[in-house]
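K.L.:
quick one, what's the 3D model for this:
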Amino acid sequence: MKSIKIASYLFFGVLMLFPVLSQASAYWMEIKENRHLNAPVNIELVYGNIDELGIRHRQTGKELLLAGAFTFQLFSPKGSITQLKMVQKSDCWQMNFLPTENGEYRIVGINCTHPVVDRSASGGENILPIDYLCGQYLIGTASPQGKPVQFLDLLVQQQGKTINIKAFRDKKREQAKTKLRVFNPENWEKELILNENGEAVFSATMEGMYNIRMDWSDLKSGNFKGVAYTSIRHRCNFCLFIE
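P.N.:
Numbers count the residues shown, from 1 in each chain. Here you go, the predicted structure:
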């Protein structure tokens, strides 16, 4: 069985082809792994894009600076919670932790400080975005046993080349027929549909980084930093690396 690494990107059936190429910029996490107890694990929060050749490029402008508004927590295999401190580097924000026990560590982040996406000039609706990032770090042979901890959350488990996804909203299984999106290492996009259990499955067809995304819109209006909005767009991104 090929091992699975987890990172996190700022995306029912079996995935065979990715028919759409997405080129938008986004946030993602990269976890620098060593798989040893009591050895530091470094996490990098990145803002960037993927070019036509599937190569990832880190960006260092305003968006990277805004990424510092994310807050992250680490959930240990035994359930303890640690706040992760971010330090800005030249092309990322860096965090680290020290794993002291075998099992699954969950890294989760949220940014609820994004400005309203103002589309009033073009006649569109204003949207307030809230972003969630999540990933796993596994030590030992235990299977992931995590529980949902964010308003939008994704739990992922690998069995060979098969990737099983469980989607949650407000810590409850998401409704059947909800759509997820998966971006493969070349950034081709495929749509998945949740079954009656709030689950979806796809097959990893190549090595590299896969990103899983769930969106949910709350049709609640309001005002944020002096700008009115008509709805809130919640987005959860889970990114995993398969080798």
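
K.L.:
you'd agree Thr164 is up against Ala204?
P.N.:
Check again: residue 164 is Asn, not Thr. No - with contact defined as C-beta atoms under 8 Å, Asn164 and Ala204 do not form a contacting pair (11.5 Å). Placement of C-beta: from N, CA and C, glycine included.

K.L.:
quick one: which of those two has more around it?
P.N.:
Ala204 (20 against 14; other C-beta atoms under 10 Å).

K.L.:
what touches both of Asn164 and Ala204?
P.N.:
Shared contacts of Asn164 and Ala204, defined by C-beta atoms under 8 Å, 6 or more residues apart in numbering, are found at Gln158.

K.L.:
I'd assumed Leu66 was in a helix, is it?
P.N.:
Yes - assigned with DSSP: H, G, I helix; E, B strand; the rest coil, Leu66 falls within a helix.

K.L.:
quick one: residues contacting it.
P.N.:
Contact partners of Leu66, counting by C-beta under 8 Å, 6+ apart, are His114.

K.L.:
check His36 too.
P.N.:
Neighbours of His36 in contact, by C-beta under 8 Å, 6+ apart: Ile139.

K.L.:
try Ile107
P.N.:
When the contact criterion is C-beta under 8 Å, 6+ apart, the partners of Ile107 are 8, 29, 31, 43, 72-74, 84, 133-137.

K.L.:
again, 10 Å this time
P.N.:
Neighbouring residues of Ile107 by C-beta atoms under 10 Å, 6 or more residues apart in numbering: 6-8, 29, 31, 41, 43, 45, 72-75, 84, 95, 97, 133-137.

K.L.:
these, buried ones only, as a PyMOL selection?
P.N.:
Typed into PyMOL, the line below selects the buried ones among the contacts of Ile107, using 16 or more other C-beta atoms under 10 Å:
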select buried, resi 6+7+8+29+31+41+43+45+72+74+75+84+95+97+133+134+135+136+137
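
K.L.:
out of the contacts of Ile107, which are inside helices?
P.N.:
Judged by DSSP state H, helices contain none of the contacts of Ile107.

K.L.:
was I right about Gln159 contacting Pro144?
P.N.:
No - Gln159 is not in contact with Pro144 according to C-beta atoms under 10 Å; the separation is 11.1 Å.

K.L.:
more neighbours: those two, which one.
P.N.:
Higher neighbour count among Gln159 and Pro144: Pro144, with 19 against 10, using other C-beta under 10 Å.

K.L.:
part of a helix, is Ala121?
P.N.:
Yes - judged by three-state DSSP, Ala121 forms part of a helix.

K.L.:
how about low-confidence regions in this structure?
P.N.:
Scanning the chain for pLDDT under 70 picks out the ranges 1-24.
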